[in-house]
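**Student:** Please work out how this folds:
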Amino acid sequence: NKVATLPGIKAAPSEPPEGMGQFPFAVTYPKNGSFRLESAGFGTYLHTLICEIHVARVILPRAISQTIPYIESFIQIVLSDPQLGGTVTSANVIRYEFGRLVWAGEEHIGVRFEVDVKILQEGGV
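**Tutor:** Okay, here's the model as predicted:
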C-alpha cells in the first residue's frame, strides 16, 4: 500500500475498517470498473480506485494545513511508480477533491483521490 509510506500517515489498512482511531489515516477501495475484451483470451480491465486520506477535524485550520500537502505527495508517489508496485499495468488519471470526509459516521477533513488504472489480462479470460 503506497499511501502508507506518506509522511505522517498513522494507519493505512489493506481492508477498509469499520472505524479508525489513528489520524491521519488512509483507506483505499474500488469505485467502479469495466472489462474490454480485445481478442480471444486478451482484454483490459479499467478500474477507478478511491484513496481517502482522513485528518482529525479538531482544530479546523490545523487540519486543513495538515491535509493540503498530501495532494502533491500522493501524486508524486503515483508518478514515481505508475504501476503501483506491479499491481496494475498503469495508473492513467488522478482526480482529487479536498474537504469534508465522513468515515464510520465521523466527520473529518481530508482529500479523496480517484485513480484510474489499467490492467492488461492475457489468457484465461
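
**Student:** Only C-alpha atoms from now on, for both contacts and neighbour counts.
**Tutor:** Will do.

**Student:** Now P30: which helix or strand?
**Tutor:** Under the criterion DSSP states H and E, the helix or strand holding P30 is strand 25-39.

**Student:** So what touches that strand?
**Tutor:** 3-4, 9-16, 43-55 (CA atoms under 8 Å, 6 or more residues apart in numbering).

**Student:** Out of the residues you listed, which end up buried?
**Tutor:** 3-4, 9, 11-12, 43-55 (16 or more other CA atoms under 10 Å).

**Student:** And the pLDDT at the residue of the chain most remote from its centre?
**Tutor:** Distance to the chain centre peaks in the chain at A40, reaching 31.9 Å (criterion: CA atoms, centre = their mean). For A40, the pLDDT comes out at 79.

**Student:** give the contact list for I77.
**Tutor:** Here I77 is in contact with K2, V3 (CA under 8 Å, 6+ apart).

**Student:** what's the neighbour count on T5?
**Tutor:** Neighbours of T5 under the rule other CA atoms under 10 Å: 13.

**Student:** Let me know the angle separating the following helix or strand past the strand holding P30 from strand 25-39.
**Tutor:** Once the chain leaves strand 25-39, the next helix or strand it forms, by DSSP H and E, is strand 42-55. If you take axes from the mean of the first three to the mean of the last three CA atoms, to 10 degrees, strand 42-55 sits at 170 degrees to strand 25-39.

**Student:** which neighbours does strand 42-55 have in its sheet, and in what orientation?
**Tutor:** Sheet pairing for strand 42-55, assigned by DSSP bridges, gives strand 25-39 (antiparallel), strand 106-122 (antiparallel).

**Student:** Just give me the residue right at the centre of the chain.
**Tutor:** Geometric centre of the chain, nearest residue: C51, 2.1 Å, by CA atoms, centre = their mean.
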